[in-house]
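*Asks:* Quick one: sequence and predicted model below, then my questions.
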Amino acid sequence: MIQVQAFLPELWLVGSAFLVLIVDLIQKPTSTKTLLKGIAVVGVLAALLSLCCVGGCGSCPFGSCGSMESVPQAFGGFLKTDTLALFFKFIILMATLFTLLISFRYFKANPTHYTAEFIAVLLFSAAGASALTSAQEIITLYVALETLTISSYLLASFMKKDKASNEAGMKYLLLGAFSSALLLFGFSYLYGFTGTTVISEIGKILATQVSSPLLTLAVIMIVAGLAFKISLAPFHMWTPDVYEGAPTPITAYLSVASKTAGFAAFVRLFWVGLSVPALQPTWIGLFAVLAVLSIVLGNLEALPQRNIKRLMAYSSIAQAGYISTGFLAGGQLGLTAVLFYLFVYLFANMGVFLAISIVYAKTGSDQIEDYAGMWKRSPLIGIVLLVCLLSLAGVPPFAGFSGKWYLFGAAISKGYTWIALVGMVFSVVSLYYYLQIARQALFPEPKDPSPIEMNWLEKSVLIICVVFTITLGFWPTPVMQMAQSAASSLFN
């Protein structure tokens with residue numbers, strides 16, 4: 001029997017996307033934009049609220065779902081929405097909501113006749129990312145992942161008349177198609193060895209087999225294919241160009257939602273299906289190298305950047321490396337640290353990108369030098385940039401410090417002290433380029449002294465990002481408890 005609760009958030013997202021397209025067809029174009037935005041926001045909010053109804057026991061989405069029999073599932077168990085999936089879904093849906101709110105300002109400064117198409121594709125992308133977190137077999141996981149990534153190709157190249165946006169979409173498409181082929185090739189080998197596509201069954205069958213060169217090759221291809229999705233070096237070559245050329249709301253969306261979905265796939269595949277003694281040393285060694293490369297290259301390549309979106313791209317690569325240290329640690333401790341860091345990363349990163357979008361709408365520039373005197377033009381933007389960037393750097397007492405403390409602590413507890421030390425050293429290095437933005441916003445005189453106006457919604461979102469970033473630095477316990485409950489559902 002199919003339990004609709006297992007894919008209720010996705011139903012809201014897909015239903016809202018179709019409703020947006022239908023309304024756009026039957027209404028006059030001049031009168032629909034506000035209505036379309038309202039439908040999209042209500043749809044995402046409904047998807048968020050539906051998380052409370054997903055647990056078969058009627059519990060809070062981040063609480064205990066009771067016994068495993070109470071976890072909603074559908075399509076023969078191919079989709080199973082446990083508390084781990086709920087935690088990932090919450091981050092993805094919040095990122096989608098923030099992206100919608102950022103897009104309102106962006107498209108006010110860059111008008112388009114295709115508002116409905118943009119909103120619909122964004123909602124379809126979010127539905128794919130959300131479904132991926134519940135996937136329990138590799139074909140379902142692959143289809144959900146492609147729904148996310150193909151939609152992202154369209155969104156990155158959405159500004160048809162912008163050469164940079166077209167270039168971003170083309171590069172993303174070409175490299176993304178190659179990574180998807182690698183991933184599917186790896187999955188085909190995995191199926192050939194086990195005769196099943198169910199991730200838990202793959203783990204049981206591989207536990208009785210010895211490693212072989214072809215099985216090792218399959219694992220390498222799967223790692224490479226998914227590493228592209230979360231911008232792990234050296235599979236990060238698309239990230240700077242796509243982040244710089246894509247519309248700012250989509251850059252924000254890719255940096256959080258796409259990364260969260262990618263780590264959800266990694267957790268399901270590697271800590272359930274491939275955590276067998278014959279394979280674990282192979283992929284753990286690969287991840288150790290990728291994590292260190294991402295931390296080192298991401299931070300070093302960010303140092304000379306003068307475009308803020310390109311700088312944030314390299315920052316995103318480094319952040320993926322930090323999160324990978326917790327993933328390497330594994331177990332409930334490591335997974336809890338990953339979930340907590342993704343949660344705090346959501347608010348810090350989205351706060352920065354909303355500020356970037358507001359400034360771009362006023363100045364038409366993403367150059368860091370044009371942020372001169374931003375504090376005087378908008379004190380709130382100055383505060384947001386300072387707090388959120390220091391959090392990304394891991395400076396106490398902000399939430400990013402707590403997140404890195406848990407990540408590196410989990411890595412050290414499992415013997416990865418050298419990786420944690422690399423992360424700590426390069427967190428200090430990252431202070432240089434994060435403070436470069438903050439210094440530019442706080443100290444020089446503005447080139448244009450005119451104030452930057454914001455509506456109440458934008459102010460509210462910026463304040464929420466700052467409040468969460470500060471509060472979770474001092475009081476991380478509630479979110480940590482939610483993350484622990486979500487992590488425990490994977491290992492019980």
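*Replies:* Now that the structure is in, tell me what you want to look at. Numbers count the residues shown, from 1 in each chain.

*Asks:* give the contact list for the closest residue in space to residue 275 that isn't next to it in sequence.
*Replies:* Nearest non-adjacent residue to residue 275, counting by CB to CB, 6 or more residues apart in numbering: residue 203, 6.6 Å away. Glycine gets a C-beta too; all of them are placed from N, C-alpha and C. By CB atoms under 8 Å, 6 or more residues apart in numbering, the residues touching residue 203 are 272, 273, 274, 275, 276.

*Asks:* where in the stretch 51-200 of the chain is pLDDT low?
*Replies:* For the stretch 51-200 of the chain, the stretches with pLDDT under 70 are 54-69.

*Asks:* those helices in it, which residues are they?
*Replies:* 83-109, 115-132, 138-156, 163-194, 199-206 (DSSP state H, counting those that start in this stretch).

*Asks:* burial of residue 193, as a residue count?
*Replies:* By the criterion of other CB atoms under 10 Å, residue 193 has 16 neighbours.

*Asks:* For stretch 441-449, C-alpha coordinates in CSV please.
*Replies:* What follows is stretch 441-449, C-alpha atoms only, in CSV (Å, rounded to 0.1, in the frame of the first residue of the first chain):
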residue,chain,number,x,y,z
ALA,A,441,31.7,47.2,3.6
LEU,A,442,32.6,48.8,6.9
PHE,A,443,35.5,51.2,6.5
PRO,A,444,36.0,53.0,3.1
GLU,A,445,33.8,55.9,2.1
PRO,A,446,31.0,54.8,-0.3
LYS,A,447,31.3,55.8,-4.0
ASP,A,448,27.6,56.4,-4.0
PRO,A,449,26.2,57.6,-0.7
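
*Asks:* Quick check: the two most widely separated of the contacts of residue 203?
*Replies:* 272 and 276 (10.4 Å; CB to CB).

*Asks:* ok, and what's touching stretch 38-53?
*Replies:* Contacts of stretch 38-53 (CB under 8 Å, 6+ apart): 5, 8-10, 12-13, 15-17, 19-20, 23, 60-61, 86, 89-90, 93-94, 96-97, 100-101, 119, 122-123, 126, 130.

*Asks:* Would you mark the buried spots in that stretch?
*Replies:* By 16 or more other CB atoms under 10 Å, the buried positions in stretch 38-53 come out as 39, 40, 41, 43, 44, 46, 47, 48, 50, 51.

*Asks:* Provide the secondary structure category for the fifth one.
*Replies:* Same thing as residue 44. helix (DSSP: H, G, I helix; E, B strand; the rest coil).

*Asks:* distance of it from residue 16?
*Replies:* 7 Å (CB to CB, to the nearest Å).

*Asks:* which residues touch residue 21?
*Replies:* Counted by CB under 8 Å, 6+ apart, residue 21 has contacts 116, 117, 120.

*Asks:* Wait, residue 99 touches residue 122, no?
*Replies:* Yes: using CB atoms under 8 Å, residue 99 is in contact with residue 122, at 6.5 Å.

*Asks:* Name the residues contacting each of these two.
*Replies:* Common neighbours of residue 99 and residue 122, counting by CB under 8 Å, 6+ apart, are residue 253.

*Asks:* closest to residue 231 among the buried residues of stretch 38-53?
*Replies:* Closest approach to residue 231 among the buried residues of stretch 38-53 (CB to CB): residue 44, at 24.3 Å.

*Asks:* Against residue 228, how distant is the closest one?
*Replies:* 27 Å.

*Asks:* again, but for residue 245
*Replies:* In terms of CB to CB, residue 245 sits 17 Å off from residue 228.

*Asks:* Next up, the contacts around the residue nearest the centre of the chain.
*Replies:* Compute the mean C-alpha point of the chain, and by CA atoms, centre = their mean the closest residue is residue 256, 2.5 Å away. By CB under 8 Å, 6+ apart, the residues touching residue 256 are 91, 95, 345, 346, 349, 350.

*Asks:* Please apply the same query to residue 154.
*Replies:* So residue 154 contacts 121, 169 (CB under 8 Å, 6+ apart).

*Asks:* sorry, back to before: give me the common contacts of residue 44 and residue 16.
*Replies:* residue 123.
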